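A.B. asks: A predicted structure for the sequence below; I have some questions about it.
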Amino acid sequence: MTVSSKVRFGVLGCSRVAQKGVLPALRNTQHALLSMVGSRTPEKAKRVAAEFGCDTYGTYDELIHNNNLDAVYISLPHALHEEWSIKALEAGKHVYCEKPAALSYASAQRMVATARKNNVRLIEGLMFRYHPQHAAVRTIIQQGALGDLIRFNGTFCYPRPDNNSILMSSELRGGSLYAAMPHPLAASRMIFAEEPEQVFCHMDFDKKSGVDVQSELWLGYPNGKSATLFSAFGAYFQSTYTVLGTVGSITSKRAYAVPRDRATTIVLDTNDTVTETIIEPADHFALLLDSFCQEISKGSQSTAPYEEDVLAQACILEAAQRSHTQQRVVTLEEIKKENKM
Ligand SMILES: NC(=O)c1ccc[n+]([C@@H]2O[C@H](COP(=O)([O-])OP(=O)(O)OC[C@H]3O[C@@H](n4cnc5c(N)ncnc54)[C@H](OP(=O)(O)O)[C@@H]3O)[C@@H](O)[C@H]2O)c1
């Protein structure tokens, strides 16, 4: 890849999110180019490639070892993220892996070590962070409109996936903690611009499939700040957060899953005055792709903390699992100490 050329992407797995989110976004980017589609099923790879104007398709292995690709987008079932990310990174490809990139802190460490060893980048698919509404929220917070921050409250829930969905498979590591919670979790870290120190988690499980269909997370942040987060399958659609400060609050009415053609609203409530700001539609998948490609082109000059983010998210998710199992507050220090490299 030369600095002036587009980053050539292979799309590994013809998932719903690839077909609805990333493949259409690849058409709208300035710096990325769809160059191959990979599937377990050749006919599916061929059909999806043709639909998105690409003439190269093949199996996962053919895609990983295609020397005409610079980067790979992975949207496989959660249980396969580490395996295929590591294969792609080892083959010298930059990786954009869907969330949750890693299901444990040790897994994240292996993935990040492989990226660093091969001099390539690894980003987790938390695309919502690139939507301009959050920059607007952060500006309002930085201007002091909320006073000192106290609490972040985030909810991401949607109707129950079909029984045969990867999200309802315990073998493929489905469940709402991994499928939906990564978004409000990352949003709280983004808004506080700090890492939590403590985690408490409670989950409710579906008896038949064994996956969690509701998860509640409490995160203790420095200086008394906290986040309360909720994710669920089988609930009325909610994709929101509210940030509470000493003198005001701000709400994103549609924070995580925002269609590219739909405006969003942020609501500032301060001194008994409610101000609604409409944020114009944006394609957060395309914005992530362009930002990632620009960082890739900077090489060692890039300061984007993608890999630290992968580690941070995985550490919290592991602490959440342990907290639920042991019904106690788990510190992130505890997880990190056990996994010291
Ligand atoms: N960022 C977001 O907003 C967002 C939104 C939705 C989902 N996601 C994430 O994206 C990933 C995929 O989710 P999805 O809902 O799009 O999944 P999906 O439609 O079920 O697609 C998963 C794909 O994985 C491949 N696959 C490989 N082994 C499989 C197996 N044993 N069983 C089923 N599929 C297998 C299949 O592709 P081939 O048949 O082509 O090989 C399948 O199309 C997950 O990590 C999910 O959390 C992110």
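C.D. replies: That came through fine.
A.B. asks: hmm, stretch 161-176 touching the ligand?
C.D. replies: Yes. Interface with the ligand: stretch 161-176 contributes I166 (C-beta under 6 Å from any ligand atom). From N, CA and C alone the C-beta is placed, and that goes for glycine too.
A.B. asks: with just CA atoms, put that stretch into PDB.
C.D. replies: The C-alpha trace of stretch 161-176 is given here as PDB (Å, rounded to 0.1, in the frame of the first residue of the first chain):
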ATOM      1  CA  PRO A 161     -33.100 -12.300  17.900                       C
ATOM      2  CA  ASP A 162     -34.400 -15.400  16.200                       C
ATOM      3  CA  ASN A 163     -33.500 -18.600  18.000                       C
ATOM      4  CA  ASN A 164     -31.100 -19.600  15.200                       C
ATOM      5  CA  SER A 165     -29.200 -16.300  15.400                       C
ATOM      6  CA  ILE A 166     -25.600 -16.300  16.400                       C
ATOM      7  CA  LEU A 167     -26.600 -14.000  19.200                       C
ATOM      8  CA  MET A 168     -28.700 -16.700  20.800                       C
ATOM      9  CA  SER A 169     -26.000 -19.400  20.600                       C
ATOM     10  CA  SER A 170     -24.000 -20.000  23.800                       C
ATOM     11  CA  GLU A 171     -21.400 -22.000  21.800                       C
ATOM     12  CA  LEU A 172     -20.800 -19.000  19.500                       C
ATOM     13  CA  ARG A 173     -20.800 -16.800  22.600                       C
ATOM     14  CA  GLY A 174     -23.900 -14.800  21.900                       C
ATOM     15  CA  GLY A 175     -25.900 -12.900  24.600                       C
ATOM     16  CA  SER A 176     -26.600  -9.300  25.300                       C
END
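A.B. asks: buried residues in that stretch?
C.D. replies: 161, 165-169, 172-176 (16 or more other C-beta atoms under 10 Å).
A.B. asks: what's the answer for stretch 11-31, then?
C.D. replies: Here stretch 11-31 shows 11-15, 17-18, 21-23, 25-26, 29, 31 as buried, counting by 16+ other C-beta under 10 Å.
A.B. asks: can I get these in a markdown table including pLDDT?
C.D. replies: Shown next, in a markdown table, are the buried residues of stretch 11-31 (pLDDT from 0 to 100):
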| residue | pLDDT |
| --- | --- |
| V11 | 98 |
| L12 | 98 |
| G13 | 98 |
| C14 | 98 |
| S15 | 98 |
| V17 | 98 |
| A18 | 98 |
| G21 | 98 |
| V22 | 98 |
| L23 | 98 |
| A25 | 98 |
| L26 | 97 |
| T29 | 96 |
| H31 | 98 |
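A.B. asks: of these, list those near the ligand.
C.D. replies: The subset of the buried residues of stretch 11-31 within reach of the ligand, by C-beta under 6 Å from any ligand atom, is 13-15, 17.
A.B. asks: widest-spaced pair of the residues you listed?
C.D. replies: Across these, the longest distance by C-beta to C-beta is 10.3 Å; it joins C14 and V17.
A.B. asks: ok, so of the buried residues of stretch 161-176, who is nearest the ligand?
C.D. replies: Set against the ligand, the nearest of these by C-beta to the nearest ligand atom is I166 (4.2 Å).
A.B. asks: run through the residues that contact the nearest residue to that closest one once chain neighbours are set aside.
C.D. replies: Using C-beta to C-beta, 6 or more residues apart in numbering and skipping the chain neighbours, the partner closest in space to I166 is P77 (4.2 Å). For P77, the contacting residues are 166, 169, 172-174, by C-beta atoms under 8 Å, 6 or more residues apart in numbering.
A.B. asks: same check on L34?
C.D. replies: Counted by C-beta under 8 Å, 6+ apart, L34 has contacts 9, 11, 23, 26-27, 52-54.
A.B. asks: quick one: secondary structure of it?
C.D. replies: The local conformation at L34, judged by DSSP: H, G, I helix; E, B strand; the rest coil, is strand.
A.B. asks: would you mind naming what in the chain lies close to the ligand?
C.D. replies: Residues of the chain lying near the ligand by C-beta under 6 Å from any ligand atom: 13-17, 39-41, 44, 75-78, 80, 98-99, 125, 127, 166, 179, 257.
A.B. asks: for the stretch 151-300 of the chain, what spans make up the helices?
C.D. replies: 176-179, 182-192, 284-298 (DSSP state H, counting those that start in this stretch).
A.B. asks: pLDDT of the longest one, averaged?
C.D. replies: Going back to what we said before, that points to helix 284-298. Average pLDDT, helix 284-298: 97.
A.B. asks: what's the angle between the following helix or strand past it and helix 284-298?
C.D. replies: For helix 284-298, the following helix or strand on the C-terminal side (DSSP states H and E) is helix 306-326. Per axes from the mean of the first three to the mean of the last three C-alpha atoms, to 10 degrees, the angle that helix 306-326 makes with helix 284-298 is 130 degrees.
A.B. asks: what average pLDDT does the helix or strand just after helix 306-326 get?
C.D. replies: Of the helices and strands lying after helix 306-326 in sequence (DSSP H and E), the nearest is strand 330-331. Averaging pLDDT along strand 330-331 gives 98.
A.B. asks: mind giving me the packing neighbours of the very next helix or strand once past strand 330-331?
C.D. replies: The C-terminal neighbour of strand 330-331 among helices and strands, as given by DSSP H and E, is helix 332-338. Applying 3 or more C-beta pairs under 8 Å, 6 or more residues apart in numbering; DSSP states H and E, one finds that helix 332-338 contacts helix 306-326.
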